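In: Here you go, sequence then predicted model.
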Amino acid sequence: MVAVAALPDVTPGGPAPAARPGQRRAWRGIVLVVAALYFVVPMAVSFWFTAYSEGQGFSLAAYGRILSAPGFLSSLLLSLGLAAATIVVVLLLTLPAMLAVRLGASRLGPVLELIATLPLVVPPITYVVGISTALRGGIDALAATPLWATLIAVQDERFPIILVLAYVVLTLPFAYRSLDAGLRAIDVRTLVEAARNLGASWPYVLFRVIIPNIRSAIASASFLTLALVLGEYTVAALLGYQTFPVWIVTISGNDGQLSVALSIISLLLIWLLLLTLSGAGRKRS
């Protein structure tokens, strides 16, 4: 008997043939090239603007003037300090609350989600006007109380705590979504019950059981917070603080090349911090 080989289905109504591996790699390459051009071309044009002038030709003098520019180091350190404080406060507020909701108060989950996403519907200009109005009214109302000194201290120009509190509210929706995705990927209740049955304390459960399993989610929330703080202008400018974005806008009117060079450096700095946080979020073997 002669074996009859099965013929492939070539009927008009049959399923479409799957793409070949070579075709998939070609499409991936095209997408990556287009994405690279989308990011690299503006960066290249900006770099050329900062490095070339008709009178001097090609020169990197604009980048050499960055470190000597007045206010550069102080504003950068201020923004980095505000970002670090904001990350710590956001994680301390959101992570314990989300764990408490998942472990013992699941009915409050929608309430917590509503509170966390509420800042998305408030325009930043309205938000900062409300803050400034509350500060002005609080100084007059608390002038004869011990809280007056506290209200003045949170507005210290060297490290304005009021900006940290404002940034916490602005970054809350993004941090909440990142942590929520990480907690949904693991069985929190089973992990906690198993650790508690073995005699682990609550701090041990949090730092040695939960946090290592959501390290990537914490890194994502930290990066989103860092990116927002290093790029936020409206709140800091209207409240009168000289953060790094405010300083860039202030100096842009005096030296265009220096302003664009600073923007490129800040973008590269954010990318470097992103890679650092991404590496910190990966599990090490």
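Out: Great, that's in hand. Residues are numbered from 1 along each chain as shown.

In: Next one: residue 186 from residue 238, what distance?
Out: Distance of residue 186 to residue 238, given as Cβ to Cβ, to the nearest Å: 41 Å. The way it works is simple: take the backbone N, C-alpha and C, and place the C-beta from them, glycine included.

In: now swap in residue 170 and tell me
Out: 13 Å.

In: Which one's more surrounded, those two?
Out: With neighbours defined as other Cβ atoms under 10 Å, residue 170 and residue 238 compare such that residue 170 has more, 21 against 16.

In: list the contacts for the more buried one?
Out: Contact partners of residue 170, counting by Cβ atoms under 8 Å, 6 or more residues apart in numbering, are 119, 124, 127, 228, 232, 235.

In: again, only this time at 10 Å
Out: 86, 90, 119-120, 122, 124, 127, 225, 228-229, 232, 234-235 (Cβ atoms under 10 Å, 6 or more residues apart in numbering).

In: just for the stretch 151-285 of the chain, where's the confidence low?
Out: Flagging of the stretch 151-285 of the chain using pLDDT under 70 yields the residue ranges 253-255, 274, 277-285.

In: Let's see the PyMOL selection covering just the buried ones among the contacts of residue 170.
Out: Only the buried entries of the contacts of residue 170 go into this PyMOL selection, using 16 or more other Cβ atoms under 10 Å:
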select buried, resi 86+90+119+127+225+228+229+232+235
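
In: How much space separates residue 47 from residue 257?
Out: Counting by Cβ to Cβ, the gap from residue 47 to residue 257 is 11 Å.

In: overlap in contacts of those two?
Out: Shared contacts of residue 47 and residue 257, defined by Cβ under 10 Å, 6+ apart, comprise 62-63.

In: Does residue 57 touch residue 48 like I think?
Out: No - contact between residue 57 and residue 48 fails when scored by Cβ atoms under 10 Å: they sit 12.0 Å apart.

In: who's more crowded, the two?
Out: residue 48 (11 against 8).

In: Spit out the contact partners of that one.
Out: 58, 260.

In: for residue 70, helix, strand, or coil?
Out: Following DSSP: H, G, I helix; E, B strand; the rest coil, residue 70 is assigned to coil.

In: what are the phi and psi angles of it?
Out: Backbone geometry at residue 70, expressed as degrees, to the nearest 10, gives phi -70, psi 130.

In: Same check on residue 57?
Out: Torsion angles, degrees, to the nearest 10, at residue 57: phi 80, psi -150.

In: so what's it bridging to?
Out: residue 53 (DSSP bridges).

In: mind starting the numbering at 45 from now?
Out: Will do, 45 is the new start, and the previous item becomes residue 101.

In: what are the ranges of the helices in the stretch 145-294 of the chain?
Out: 153-161, 168-185, 191-197, 205-228, 232-241, 246-249, 255-257, 259-275, 278-283, 288-296 (DSSP state H, counting those that start in this stretch).

In: Let's have those helices in JSON lines, adding distance to residue 82.
Out: Putting the helices of the stretch 145-294 of the chain into JSON lines (distance: least, Cβ to Cβ, whole Å) gives the following:
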{"stretch": "helix 153-161", "distance to residue 82": "30"}
{"stretch": "helix 168-185", "distance to residue 82": "27"}
{"stretch": "helix 191-197", "distance to residue 82": "46"}
{"stretch": "helix 205-228", "distance to residue 82": "23"}
{"stretch": "helix 232-241", "distance to residue 82": "39"}
{"stretch": "helix 246-249", "distance to residue 82": "44"}
{"stretch": "helix 255-257", "distance to residue 82": "35"}
{"stretch": "helix 259-275", "distance to residue 82": "18"}
{"stretch": "helix 278-283", "distance to residue 82": "26"}
{"stretch": "helix 288-296", "distance to residue 82": "23"}
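
In: No further questions, thank you.
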